[in-house]
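Participant: Sequence and computational prediction follow.
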Amino acid sequence: MKTSKHRRIMPSSSSAAFERDARREIEHFKRALNSYADRFASEPQLSFEQYFFRLAATNRLADGEERRRG
């Protein structure tokens, strides 16, 4: 009988960090979806993609500031 060469992968801090970052990105996307209609009303030439990436950049800057302070 062959022995398995596969090791059990235990969750690591990097996978926890990945999951936290993924959840944060999903929340940012959901907020952008919810707030885009109001922004579109005042700036109809602004695409959702442009709006989302502006928000994402702002959020990343804010997250970076929090990490440096924390």
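Facilitator: Yes, it's here. Numbering: from 1, shown residues only.

Participant: need the helix or strand of this protein with the lowest average pLDDT.
Facilitator: helix 48-69 (a mean of 80; mean pLDDT, DSSP states H and E).

Participant: What helices and strands are in contact with the lengthiest helix in the chain?
Facilitator: In the chain, assigned by DSSP state H, the helix with the most residues is helix 13-42. Applying 3 or more C-beta pairs under 8 Å, 6 or more residues apart in numbering; DSSP states H and E, we find helix 13-42 packed against helix 48-69. The C-beta positions use only the backbone N, C-alpha and C, and glycine is treated the same way.

Participant: for the helix it packs on, the distance to its chain's centre please.
Facilitator: 9 Å (C-alpha atoms, centre = their mean, to the nearest Å).

Participant: Between helix 13-42 and that helix, find me the angle.
Facilitator: With axes from the mean of the first three to the mean of the last three C-alpha atoms, to 10 degrees applied, the angle from helix 48-69 to helix 13-42 works out at 130 degrees.

Participant: now what about helix 48-69, what contacts it?
Facilitator: R24, E25, H28, F29, R31, A32, Y36, R39, F40 (C-beta atoms under 8 Å, 6 or more residues apart in numbering).

Participant: Determine which residue lies closest to the centroid of this structure.
Facilitator: Note on the chain: the residue nearest the mean C-alpha position is E25, at 1.5 Å, using C-alpha atoms, centre = their mean.

Participant: quick one: that one from R31, how far?
Facilitator: Counting by C-beta to C-beta, to the nearest Å, the separation of E25 from R31 is 11 Å.
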